[in-house]
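Student: The sequence and its predicted three-dimensional model are supplied below.
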Amino acid sequence: LDQQFGQQLYEQGLKVYTTLDLDLQSAAERSLERQLQSIEAGKFGTYRHESYEQYMAKAEGGGERNAANSPYLQGAFIAMDPRSGHVRAMVGGRDFDDSKFNRAVQATRQPGSTFKPMVYAAALQNGRPPTYILDDSPLTLAMAVGDTWSPQNYDGQFEGQIPLRKALYESRNIPTVRLGMELGEQTVIDMARKLGISTPIPAYPSIHLGAASVLPIEMVAAYSAFATLGMQARAMGIVRVENAQGEVLWAPESVRVPSLSPEESWLMVDMMKDVVRRGTAAGAVGSQFSIPAGGKTGTTNDYTDVWFVGYTSDLVAGVWMGFDKPDRIMPNAQGGRLAAPAWTAFMNEVYRRKPAPPDWPRPAGIVSQTIDLLTNTIWVPGCPGIEATEFFIAGTEPAIPCNLMPGIYPDTGSYGGYPGRGAPSASTPYTPPAYVSPLPPARDTSGVPLGGRVIPGATPAPVPNSRDTSRFPRAQPPYPPGTISTSPSRDTSR
């Protein structure tokens, strides 16, 4: 508004009509605050920091208030209509009187594993099916200062050969890093740009685990591309501005960007449903929320940030929690344990008041096939592996029958047969792979007449007036070619 109207905004009695829904706004505030209070009360484990209640009691006794960084646990909550980008609820902090800093739109924080869907969406767009075999074994990469980086999984274990779908819903770090390196960092960055992320993303392997800081509102809006089966909606909060005479001075249009094909986005939804059904959000979301939904948990280094971003077909919402001056929230703080319950409470309250939305229709270009899950081959009677039915974009399903010899698996080209580089080997210097060109942009399948602008291939302009409050400084490219960032993020969520 200030950019649009300048001093006129404060002098001419303008009427501003917003996209906020007061019922959803109240539900977001309640859900976030109740969960933060539960964390501070020790419901999720020993909590050693000053609580908001203790802080306020000290302030009433003459203690300091309005510090640049709140000493108590903070949070942000955003809910939006994925079809239009209309922001229905926004919470930028716990107490506006104490801190006017809006963490939803001004803070940049590492997203952790909530960034992983961008890696997996890029994989689907470049021909990898959900059964694509990834390698979950120890990986060591050389770094700029002569040190090495060995990414770890949250449980410290390795599963060996693992399907792409399982690597996502179990939030396995090492297969994700290998997948991102195989695709190429620039391919993943390009996907993030198509999904509306405007903050800097350096081309280093740690970005695949969410090491590059983002704005929470952009992270939530990115998931609108999954909820709408392909169209990413840029977040907007103003419907129109009128002068004192009721004349419309400004009515911004919705901006929607084709990002994925209906088939690619439907597969992403189906895999992210597994995060809720049997993955890292099963306990806090799947067991308590019955409406079809997908989402992703996120946790960053030393348990300093916890996230959950999830969606139905008509509402996408995201929760972030952490300290303004990043610090460990508590031992074993995980997005699925701490952030996801606030999302579930909000969604359950919302859908008690409004009809439940339908499930996503399966596009015509999706086929199913019975396969051997261990080898990404066609299942035939007598296969020694695991029989499963999986969905594929037509043309990417397996073409080789399983090997009937127990213990002898055919070479299905775990890292071959697709565009991009081969598997990264352990203890080798990192070199950026060649760029992998994406498939053509998607068409709008939402079926909702919105009347906004559709900008093919648009990328967001940098967002001003944000500050990075993450533990590590925003990764810049001081490293010479052939190296990686020294501040990778790891997902410790379960």
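Tutor: Structure's in. What do you need?

Student: Excluding covalently adjacent residues, which one is nearest to Ala41?
Tutor: Leaving out its chain neighbours, the residue that sits closest to Ala41 by C-beta to C-beta, 6 or more residues apart in numbering is Tyr47, at 7.4 Å. Using the backbone N, CA and C atoms, a C-beta is placed for each residue, glycine as well.

Student: What's the separation between that neighbour and Arg30?
Tutor: 20 Å (C-beta to C-beta, to the nearest Å).

Student: who has more neighbours, those two?
Tutor: More crowded of Tyr47 and Arg30, by other C-beta atoms under 10 Å: Tyr47, with 18 against 15.

Student: Would you map the helices across the stretch 301-450 of the chain?
Tutor: 340-353 (DSSP state H, counting those that start in this stretch).

Student: Report the residue spans of it with pLDDT below the cut-off.
Tutor: Within the stretch 301-450 of the chain, the stretches with pLDDT under 70 are 405-450.

Student: do that again at 90, thanks
Tutor: 374, 382-385, 403-450 (pLDDT under 90).

Student: would you list every one of the strands in the stretch 51-200 of the chain?
Tutor: Under the criterion DSSP state E, counting those that start in this stretch, the stretch 51-200 of the chain contains strands at 74-80, 87-91, 107-108, 133-136, 141-142, 148-149, 160-163.

Student: and of those strands, who's closest to Gly318?
Tutor: The closest of the strands of the stretch 51-200 of the chain to Gly318 is strand 74-80. By C-beta to C-beta, the value is 5.4 Å.

Student: Quick check: mean pLDDT of the closest one?
Tutor: Computed over strand 74-80, the mean pLDDT rounds to 98.

Student: ok and it relative to helix 340-353, angle-wise?
Tutor: Between strand 74-80 and helix 340-353, the angle comes out at 40 degrees (axes from the mean of the first three to the mean of the last three C-alpha atoms, to 10 degrees).

Student: Indicate each strand paired with strand 74-80 and its parallel or antiparallel sense.
Tutor: Here strand 74-80 has these sheet partners by DSSP bridges: strand 87-91 (antiparallel), strand 316-322 (antiparallel).

Student: Out of these, which gets nearest to Phe115?
Tutor: strand 316-322 (12.3 Å).

Student: now the closest one, how far from the centre of its chain.
Tutor: Its chain's C-alpha centre and that of strand 316-322 lie 10 Å apart, by C-alpha atoms, centre = their mean, to the nearest Å.

Student: do the same with stretch 320-338
Tutor: For stretch 320-338, the distance to the chain centre is 16 Å (C-alpha atoms, centre = their mean).

Student: List the buried residues for it?
Tutor: Residues of stretch 320-338 classed as buried by neighbour count (16 or more other C-beta atoms under 10 Å): 320-324, 326, 329-330, 333-338.

Student: Then stretch 395-406?
Tutor: Thr396, Glu397, Pro398, Cys402, Asn403.

Student: Other residues contacting it?
Tutor: The contact list for stretch 395-406 (C-beta atoms under 8 Å, 6 or more residues apart in numbering) reads 127-129, 131, 367, 369, 371-372, 375-380, 382-385, 409-410, 412.

Student: Give me the buried entries from those residues.
Tutor: So, by 16+ other C-beta under 10 Å, the buried ones in these are 127-129, 131, 371-372, 375-379, 383, 385, 409, 412.

Student: Report the two of the buried residues of stretch 395-406 separated the most.
Tutor: Among the buried residues of stretch 395-406, Thr396 and Asn403 lie farthest apart (C-beta to C-beta), at 20.6 Å.

Student: Just give me the neighbour total for Lys273.
Tutor: Neighbour number of Lys273 under other C-beta under 10 Å is 19.

Student: Run the chain-centre distance for the host helix or strand of it.
Tutor: In this assignment (DSSP states H and E), Lys273 forms part of helix 262-278. In terms of C-alpha atoms, centre = their mean, the centre of helix 262-278 is set 13 Å apart from its chain centre.

Student: for the record, mean pLDDT for the helix or strand that comes right after that helix?
Tutor: Later in the chain than helix 262-278, the nearest helix or strand by DSSP H and E is strand 294-299. Averaging pLDDT along strand 294-299 gives 98.

Student: Number of residues surrounding the closest residue in space to Met236 that isn't next to it in sequence?
Tutor: Sequence neighbours aside, Gly85 is the residue nearest to Met236 in space, at 4.9 Å (criterion: C-beta to C-beta, 6+ apart). Other residues within reach of Gly85, judged by other C-beta under 10 Å, total 26.
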